[in-house]
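Asks: need a structure here:
(chains A and B)
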Amino acid sequence: MSPTTVHVDQQPAATALRSKDLLGIADLTPDEINLILDTADVMKEVGSRPIKKVPALRGKTVVNLFFEPSTRTRTSFEIAEKRLSADTLNIAIATSSVVKGETLADTALNLEAMQPDMIVLRHSSSGACHLLSRICRSAIINAGDGMHEHPTQALLDAFTIRERKKQLKGLKVAIIGDLLHSRVLRSNILLLTKMGADVWVCGPPTMMPTDVRRFGVSATSNVEQAVRDADVIMMLRIQLERMEGAYFPSLREYFNVFGMTEARMTLAKPDVMIMHPGPMNRGVEIASEVADGPYSVILDQVANGVAVRMAVLYLLAGGAEHEEAA
Amino acid sequence: MPDTKSAVVMDADRIARTLTRIAHEIVERNKGVEDLALVGVRTRGVFIARRLARILKEITGDEVPTGALDITLYRDDLMRHAVGPQPVIRRTEIPFSIDNKKILLVDDVLYTGRTTRAALDALIDFGRPKGIQLIVLVDRGHRELPIKADYVGKNLPTNPEESVQVRLQETDGNDEVVLQQEATV
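Replies: Next up, the predicted model:
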């Protein structure tokens, strides 16, 4: 023990987020990422209480505006909002006036007129959240925009890794699958490289973005090279709905070359973690024995998603730091 | 520098003797330590609770389960400001059921009573205790809510402009209670 002052409860270096919105990992500093993850740690405990609800966001209204189908993310946000006692409103595309021709901006401004405090947006267009951020007073949380970012997914992945490995720095993380269409990939690359992880991306050459190394990652189409000595293996979904057979000969062949099997997994570190953002295609990117096996943390990811989203909602509910002095 | 006068109102020995006295009062009032559990309010209430648990063990030979409560998410001023950063929240750790237990809620300073109100609400969300008793090292008065401590280390009459600083070995490197004439705003 040091004879001088002993800080038992270490304060995180950042104590607030600078922005009123969470648009992407690109805007966050490592300190802000740590603040969100530390706050999520506390929120996870709230979820284990007999009464899984705290009054922190009482009187706040959160609109979940989903222009793309989602079960996991929307449910996760809604549970997070309810656990913080916020009032929630779900708007799905099929029931909104968008089908009558209203633009995204008009929809948002009409919602704003009803004084919500936060809008959680999922949209098929990259940059939709940035547009709303400029025109809305409410805090905007990106729940996935086109092929751009899905920041809360990357944060929950980081939280899940940190929970097991204590820190992200120095870990070898192999991300394998559809590298072309994945907003999960982009957010994860941004987050993991910011936190000092050694990131490898792996997929068929036809699905390898040409400029991917610009993000500070290693790229390969040799799955054994990506997996060797990995601490974390993150499988990405093959987005079947966008496949027209042009990217690889068949699903069976894809599985044979890139699918995560028990045999391939043995190349990784003995305590490797297997992750998948869901929904999974069993027998395409991942074998069932691996998905359901002892190294899989896929359901932990889902559970942690609620805690991470509670943290983001809580931290943004106070408004932006720079506005305080005003 | 503003004109700040400070006086030590409790030193390390005084704090130690006070906690020993409170521990004896706990045993006397509850006729032992059966069904008791200590819950400290973060930050310094937790360390006071752990010290009381140690003293109770010395007196009775029995372990009293001890937990830590962070009340931030229950604060009544949490969303009262139009904009501003949120307070940092820390872990609540109550590794036992509080149902049918007599909970000894521990804080360093009792002032407006708002922290205690938040702590009571938080505790009730963990279960239905048989009762809750409040222990504070210092009661400085100026209550804004109808709350009263069951065990008080020291009653300290203060002005609202003054501030009371409890320093503990575990967080601050030394044990003392200091009364500062001019609160830093």
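
Asks: Count the neighbours of residue 115 for me.
Replies: This is for chain A. The tally of other residues near A:Gln115 (other C-beta atoms under 10 Å in any protein chain shown) stands at 9. (Each C-beta comes from the backbone N, C-alpha and C, glycine too.)

Asks: Chain B was what I was after
Replies: The number of residues near B:Thr115, taken as other C-beta under 10 Å, comes to 21.

Asks: distance of it from B:Tyr74?
Replies: Summarising the geometry, the distance separating B:Thr115 from B:Tyr74, computed by C-beta to C-beta, to the nearest Å, is 9 Å.

Asks: now B:Arg14
Replies: Taking C-beta to C-beta as the measure, B:Arg14 falls 32 Å from B:Tyr74.

Asks: More neighbours: those two, which one.
Replies: Neighbours per residue (other C-beta under 10 Å) separate B:Arg14 from B:Tyr74, with B:Tyr74 holding more: 21 against 16.

Asks: Relative to chain A, how far out is that one?
Replies: Noted for B:Tyr74: a distance of 6 Å to chain A, by C-beta to the nearest C-beta, to the nearest Å.

Asks: So that residue sits against A:Val46, correct?
Replies: No. Applying C-beta atoms under 8 Å as the test, B:Tyr74 and A:Val46 come out as separate, 11.1 Å apart.

Asks: Return every residue with contacts to both of the two.
Replies: Among the neighbours of B:Tyr74, those also in contact with A:Val46 (C-beta atoms under 8 Å, 6 or more residues apart in numbering or on different chains) are A:Val54.

Asks: And the pLDDT for B:Ala183?
Replies: According to the model's per-residue confidence, B:Ala183 sits at a pLDDT of 49.

Asks: so the residue lying closest to A:Ser296 once chain neighbours are set aside, which of the three states?
Replies: The shortest distance from A:Ser296 to any residue other than its chain neighbours is 4.6 Å, reached at A:Ile274 (C-beta to C-beta, 6 or more residues apart in numbering or on different chains). Following DSSP: H, G, I helix; E, B strand; the rest coil, the label given to A:Ile274 is strand.

Asks: Next, work out how far apart A:Ile274 and A:Arg228 are.
Replies: If you go by C-beta to C-beta, the gap between A:Ile274 and A:Arg228 works out to 15 Å.

Asks: Those two: who's more crowded?
Replies: Set side by side, A:Ile274 and A:Arg228 show unequal neighbour counts under other C-beta under 10 Å, the larger going to A:Ile274 at 21 against 15.

Asks: Contacts only, for that one.
Replies: Neighbour list for A:Ile274: A:233, A:235, A:260, A:265, A:286, A:290-291, A:293, A:295-298 [criterion: C-beta under 8 Å, 6+ apart].

Asks: likewise B:Gly45?
Replies: When contacts are counted by C-beta under 8 Å, 6+ apart, B:Gly45 touches B:69, B:105-108.

Asks: From those, which land in strands?
Replies: B:69, B:105-108 (DSSP state E).

Asks: Please identify which of those residues is nearest to chain A.
Replies: Looking at the ones in strands among the contacts of B:Gly45 and their distance to chain A, the nearest is B:Leu69, at 11.1 Å (C-beta to the nearest C-beta).

Asks: And A:Ser221, how close does it get to B:Ala122?
Replies: Remark: distance between A:Ser221 and B:Ala122 (C-beta to C-beta) = 53 Å.
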